[in-house]
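*Asks:* Please work out how this folds:
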Amino acid sequence: MKTKKAIVIALGLLAAALLNAQQAGSTKVNSRDGQTYVWMPPGSFSMGCSPGDALCQENEKPVHTVTIARGFWLGQTPVTQAAYIRVTGSNPSYFKGDNLPVEQVNWSEAKQYCLAIGGRLPKEAEWEYAARAGSKRDRYGDLDDVAWYDGNSDKHTHPVGQKQPNSWGLYDMLGNVWQWTADWYGPYTQDSDDTQGPTGGDAKVLRGGSWLDNPQNVRASGRYDSAPSNRFNFNGFRCVGE
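*Replies:* I've put the predicted structure just below:
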(Lines give C-alpha, C1' and ligand atoms only; values in the text may rest on other atoms or scores of the structure.)
Protein backbone atom coordinates (compact mmCIF):
# COMPACT_ATOMS: atom_id res chain seq x y z
CA MET A 1 0.00 0.00 0.00
CA LYS A 2 2.81 2.38 0.85
CA THR A 3 4.45 1.63 -2.47
CA LYS A 4 1.23 2.35 -4.37
CA LYS A 5 0.71 5.59 -2.45
CA ALA A 6 4.30 6.64 -3.17
CA ILE A 7 3.78 5.99 -6.89
CA VAL A 8 0.61 8.11 -6.91
CA ILE A 9 2.42 10.97 -5.14
CA ALA A 10 5.36 10.71 -7.52
CA LEU A 11 3.06 10.79 -10.55
CA GLY A 12 1.29 13.84 -9.13
CA LEU A 13 4.59 15.65 -8.60
CA LEU A 14 5.70 14.72 -12.11
CA ALA A 15 2.46 16.03 -13.61
CA ALA A 16 2.85 19.30 -11.69
CA ALA A 17 6.47 19.62 -12.80
CA LEU A 18 5.54 19.03 -16.45
CA LEU A 19 2.75 21.62 -16.21
CA ASN A 20 5.05 24.23 -14.71
CA ALA A 21 7.66 23.46 -17.36
CA GLN A 22 5.37 24.62 -20.16
CA GLN A 23 6.58 27.53 -22.20
CA ALA A 24 5.25 30.99 -21.37
CA GLY A 25 2.71 32.02 -23.99
CA SER A 26 1.45 28.50 -24.77
CA THR A 27 -2.28 28.60 -25.48
CA LYS A 28 -5.38 26.46 -25.23
CA VAL A 29 -9.09 27.04 -25.86
CA ASN A 30 -11.63 26.52 -23.09
CA SER A 31 -14.55 24.55 -24.52
CA ARG A 32 -17.03 26.11 -22.09
CA ASP A 33 -16.63 29.73 -23.13
CA GLY A 34 -14.65 29.38 -26.37
CA GLN A 35 -11.98 31.80 -25.13
CA THR A 36 -8.23 31.34 -25.50
CA TYR A 37 -6.14 30.97 -22.34
CA VAL A 38 -2.40 31.58 -22.12
CA TRP A 39 0.13 29.84 -19.87
CA MET A 40 1.81 31.99 -17.21
CA PRO A 41 4.95 30.22 -15.90
CA PRO A 42 5.96 30.27 -12.22
CA GLY A 43 8.47 32.90 -11.15
CA SER A 44 9.19 35.91 -8.93
CA PHE A 45 8.74 39.63 -9.55
CA SER A 46 8.75 43.04 -7.85
CA MET A 47 5.14 44.06 -7.19
CA GLY A 48 4.32 47.76 -6.95
CA CYS A 49 5.91 50.93 -8.29
CA SER A 50 8.08 50.44 -11.35
CA PRO A 51 11.62 51.88 -11.29
CA GLY A 52 11.51 55.56 -12.27
CA ASP A 53 7.69 55.69 -12.50
CA ALA A 54 6.80 59.30 -11.64
CA LEU A 55 3.06 58.51 -11.76
CA CYS A 56 3.20 55.87 -9.04
CA GLN A 57 0.73 56.29 -6.17
CA GLU A 58 1.03 55.62 -2.42
CA ASN A 59 -1.29 52.61 -2.63
CA GLU A 60 1.27 50.94 -4.92
CA LYS A 61 3.93 50.98 -2.18
CA PRO A 62 6.02 49.43 -0.73
CA VAL A 63 7.56 47.54 -3.61
CA HIS A 64 7.82 43.92 -2.51
CA THR A 65 8.97 40.65 -4.01
CA VAL A 66 6.27 38.09 -4.75
CA THR A 67 6.87 34.51 -5.81
CA ILE A 68 4.30 32.81 -8.03
CA ALA A 69 5.00 29.20 -7.12
CA ARG A 70 2.56 27.62 -9.55
CA GLY A 71 2.02 28.49 -13.18
CA PHE A 72 -1.53 29.18 -14.34
CA TRP A 73 -3.69 29.73 -17.43
CA LEU A 74 -5.03 33.26 -17.89
CA GLY A 75 -7.54 34.58 -20.38
CA GLN A 76 -5.74 35.99 -23.41
CA THR A 77 -8.22 38.88 -23.43
CA PRO A 78 -10.91 40.19 -21.11
CA VAL A 79 -14.07 38.09 -21.27
CA THR A 80 -16.04 39.10 -24.35
CA GLN A 81 -19.77 39.64 -24.58
CA ALA A 82 -20.07 36.62 -26.89
CA ALA A 83 -18.38 34.41 -24.29
CA TYR A 84 -20.47 35.83 -21.46
CA ILE A 85 -23.70 35.19 -23.37
CA ARG A 86 -22.53 31.65 -24.20
CA VAL A 87 -21.98 30.84 -20.52
CA THR A 88 -24.73 32.85 -18.78
CA GLY A 89 -27.33 33.57 -21.47
CA SER A 90 -27.30 37.28 -20.61
CA ASN A 91 -25.43 40.45 -21.53
CA PRO A 92 -25.47 43.37 -19.07
CA SER A 93 -23.07 45.54 -21.11
CA TYR A 94 -23.72 49.19 -21.92
CA PHE A 95 -21.65 49.12 -25.11
CA LYS A 96 -22.93 46.23 -27.24
CA GLY A 97 -20.86 43.99 -29.50
CA ASP A 98 -19.88 40.32 -29.51
CA ASN A 99 -16.14 41.01 -29.46
CA LEU A 100 -16.32 43.93 -27.05
CA PRO A 101 -15.38 43.20 -23.44
CA VAL A 102 -18.36 42.46 -21.21
CA GLU A 103 -18.89 45.22 -18.62
CA GLN A 104 -21.42 46.25 -16.00
CA VAL A 105 -20.72 42.92 -14.30
CA ASN A 106 -20.31 43.05 -10.53
CA TRP A 107 -17.64 41.10 -8.66
CA SER A 108 -19.89 38.19 -7.68
CA GLU A 109 -21.09 37.73 -11.27
CA ALA A 110 -17.51 37.78 -12.54
CA LYS A 111 -16.58 35.18 -9.92
CA GLN A 112 -19.53 32.96 -10.87
CA TYR A 113 -18.65 33.12 -14.56
CA CYS A 114 -15.08 32.03 -13.84
CA LEU A 115 -16.34 29.14 -11.70
CA ALA A 116 -18.73 28.13 -14.48
CA ILE A 117 -15.87 27.74 -16.97
CA GLY A 118 -13.80 25.74 -14.49
CA GLY A 119 -11.61 28.58 -13.29
CA ARG A 120 -11.49 31.51 -10.91
CA LEU A 121 -10.69 35.22 -10.76
CA PRO A 122 -6.95 35.97 -10.69
CA LYS A 123 -5.33 37.07 -7.46
CA GLU A 124 -4.07 40.63 -7.58
CA ALA A 125 -0.43 39.50 -7.51
CA GLU A 126 -1.07 37.02 -10.33
CA TRP A 127 -2.65 39.77 -12.41
CA GLU A 128 0.34 42.12 -12.06
CA TYR A 129 2.80 39.29 -12.64
CA ALA A 130 0.98 38.40 -15.86
CA ALA A 131 0.67 42.03 -16.98
CA ARG A 132 4.38 42.64 -16.56
CA ALA A 133 5.37 39.39 -18.30
CA GLY A 134 8.92 39.75 -17.05
CA SER A 135 9.17 43.50 -17.64
CA LYS A 136 9.97 46.02 -14.90
CA ARG A 137 8.50 48.92 -16.89
CA ASP A 138 5.30 50.71 -15.92
CA ARG A 139 3.80 49.52 -19.22
CA TYR A 140 4.77 46.68 -21.53
CA GLY A 141 4.87 49.04 -24.52
CA ASP A 142 4.11 52.60 -25.58
CA LEU A 143 0.73 53.71 -24.22
CA ASP A 144 -1.07 54.23 -27.53
CA ASP A 145 0.27 50.94 -28.86
CA VAL A 146 -0.98 48.78 -25.98
CA ALA A 147 -4.07 50.43 -24.51
CA TRP A 148 -7.43 52.10 -25.10
CA TYR A 149 -7.63 55.04 -22.66
CA ASP A 150 -9.16 58.52 -22.55
CA GLY A 151 -6.68 59.83 -25.13
CA ASN A 152 -7.65 57.43 -27.94
CA SER A 153 -10.85 55.54 -27.02
CA ASP A 154 -13.41 58.08 -28.29
CA LYS A 155 -15.29 57.44 -25.01
CA HIS A 156 -16.19 53.79 -25.48
CA THR A 157 -14.82 50.25 -25.28
CA HIS A 158 -13.20 48.57 -28.28
CA PRO A 159 -13.03 44.98 -29.58
CA VAL A 160 -10.50 42.97 -27.62
CA GLY A 161 -7.14 42.02 -29.07
CA GLN A 162 -6.61 45.05 -31.32
CA LYS A 163 -3.70 46.54 -29.44
CA GLN A 164 -0.17 45.19 -29.04
CA PRO A 165 0.08 42.22 -26.63
CA ASN A 166 2.69 41.84 -23.92
CA SER A 167 5.58 39.39 -24.32
CA TRP A 168 3.48 36.49 -22.99
CA GLY A 169 0.75 37.10 -25.56
CA LEU A 170 -1.87 38.79 -23.37
CA TYR A 171 -4.01 41.56 -24.87
CA ASP A 172 -5.72 44.49 -23.15
CA MET A 173 -4.02 44.01 -19.81
CA LEU A 174 -3.93 47.79 -19.82
CA GLY A 175 -6.88 49.94 -20.87
CA ASN A 176 -10.26 49.09 -22.43
CA VAL A 177 -11.84 47.89 -19.14
CA TRP A 178 -10.67 47.62 -15.55
CA GLN A 179 -10.47 43.97 -14.48
CA TRP A 180 -11.82 42.49 -11.25
CA THR A 181 -9.41 40.41 -9.17
CA ALA A 182 -10.16 37.96 -6.37
CA ASP A 183 -8.57 40.09 -3.63
CA TRP A 184 -10.01 42.46 -1.10
CA TYR A 185 -8.45 45.91 -1.31
CA GLY A 186 -5.91 46.84 1.33
CA PRO A 187 -2.42 48.25 1.85
CA TYR A 188 0.60 46.27 0.75
CA THR A 189 2.80 44.56 3.31
CA GLN A 190 6.41 43.49 3.20
CA ASP A 191 5.50 39.78 3.12
CA SER A 192 7.48 38.50 0.19
CA ASP A 193 6.55 34.99 -0.88
CA ASP A 194 2.78 34.99 -0.50
CA THR A 195 0.11 35.84 -3.06
CA GLN A 196 -2.63 35.92 -0.41
CA GLY A 197 -4.29 39.32 -0.09
CA PRO A 198 -6.32 40.68 2.86
CA THR A 199 -8.87 38.26 4.35
CA GLY A 200 -11.70 40.81 4.33
CA GLY A 201 -12.71 44.36 3.55
CA ASP A 202 -15.30 46.64 1.95
CA ALA A 203 -13.92 46.76 -1.60
CA LYS A 204 -12.34 44.50 -4.17
CA VAL A 205 -9.30 45.32 -6.31
CA LEU A 206 -9.49 46.06 -10.02
CA ARG A 207 -6.46 46.41 -12.27
CA GLY A 208 -5.38 47.79 -15.64
CA GLY A 209 -7.31 51.00 -16.25
CA SER A 210 -10.00 51.57 -18.87
CA TRP A 211 -11.21 53.53 -21.88
CA LEU A 212 -12.31 56.27 -19.46
CA ASP A 213 -9.01 56.68 -17.63
CA ASN A 214 -6.07 59.01 -18.00
CA PRO A 215 -2.53 57.62 -18.41
CA GLN A 216 -1.86 57.66 -14.66
CA ASN A 217 -4.33 54.80 -14.16
CA VAL A 218 -3.23 52.78 -17.19
CA ARG A 219 -0.09 51.23 -15.71
CA ALA A 220 0.95 47.75 -14.61
CA SER A 221 1.02 48.66 -10.93
CA GLY A 222 -2.10 50.86 -10.86
CA ARG A 223 -4.85 49.81 -8.43
CA TYR A 224 -8.52 50.74 -8.12
CA ASP A 225 -10.89 49.74 -5.30
CA SER A 226 -14.61 49.25 -5.79
CA ALA A 227 -17.47 47.75 -3.79
CA PRO A 228 -18.21 44.19 -5.00
CA SER A 229 -21.79 45.18 -5.89
CA ASN A 230 -20.76 47.99 -8.27
CA ARG A 231 -21.57 47.80 -11.98
CA PHE A 232 -19.82 50.23 -14.29
CA ASN A 233 -19.35 50.32 -18.05
CA PHE A 234 -15.60 50.54 -17.51
CA ASN A 235 -15.29 47.39 -15.35
CA GLY A 236 -14.77 43.92 -16.84
CA PHE A 237 -12.70 40.87 -15.98
CA ARG A 238 -10.71 37.89 -17.22
CA CYS A 239 -10.38 34.44 -15.66
CA VAL A 240 -7.70 32.06 -14.55
CA GLY A 241 -8.70 28.88 -16.35
CA GLU A 242 -7.28 26.00 -14.33
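*Asks:* tally of neighbours for residue 231?
*Replies:* 14 (other C-beta atoms under 10 Å). C-beta here means a position set from N, CA and C on the backbone, and glycine is covered the same way.
*Asks:* how would you label the spatially most central residue of the chain: helix, strand or coil?
*Replies:* With distances taken as C-alpha atoms, centre = their mean, residue 127 lies nearest the centre of the chain, 3.9 Å away. Put simply, residue 127 is helix when judged by DSSP: H, G, I helix; E, B strand; the rest coil.
*Asks:* my guess is it meets residue 181, correct?
*Replies:* Yes. At 5.3 Å, residue 127 and residue 181 qualify as touching, with contact defined as C-beta atoms under 8 Å.
*Asks:* sorry, back to before: pLDDT wise, what is the residue nearest to the centre of the chain at?
*Replies:* Listed pLDDT for residue 127 reads 98.
*Asks:* what does residue 61 give?
*Replies:* For residue 61, pLDDT reads 95.
*Asks:* OK, contacts around it?
*Replies:* Applying C-beta atoms under 8 Å, 6 or more residues apart in numbering, we find residue 61 in contact with 48-49, 188.
*Asks:* mind putting those in CSV, neighbour count and secondary structure included?
*Replies:* Formatted as CSV, the contacts of residue 61 follow (neighbours: other C-beta atoms under 10 Å; DSSP: H, G, I helix; E, B strand; the rest coil):
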residue, neighbour count, secondary structure
48, 21, coil
49, 20, coil
188, 18, coil
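*Asks:* what about stretch 40-58, average pLDDT?
*Replies:* pLDDT averaged over stretch 40-58 gives 97.
*Asks:* Just the buried residues of it, please?
*Replies:* For stretch 40-58, the buried set under the neighbour-count rule, 16 or more other C-beta atoms under 10 Å, comprises 40-41, 45, 47-50, 53, 55-56.
*Asks:* Tell me which entries of the residues you listed lie within strands.
*Replies:* 40, 45, 47 (DSSP state E).
*Asks:* Contacts only, for the second one.
*Replies:* Residues in contact with residue 45, defined by C-beta under 8 Å, 6+ apart, are 65-66, 68, 128-129, 132, 134.
*Asks:* Dump these to TSV, plus neighbour count.
*Replies:* Formatted as TSV, the contacts of residue 45 follow (neighbours: other C-beta atoms under 10 Å):
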residue	neighbour count
65	13
66	22
68	19
128	24
129	27
132	23
134	13
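*Asks:* show me where pLDDT drops low in this protein?
*Replies:* 1-21, 190-195 (pLDDT under 70).
*Asks:* Mind jotting down where the helices sit in it?
*Replies:* Here the chain has its helices, by DSSP state H, at 2-20, 81-88, 107-116, 124-132, 143-146.
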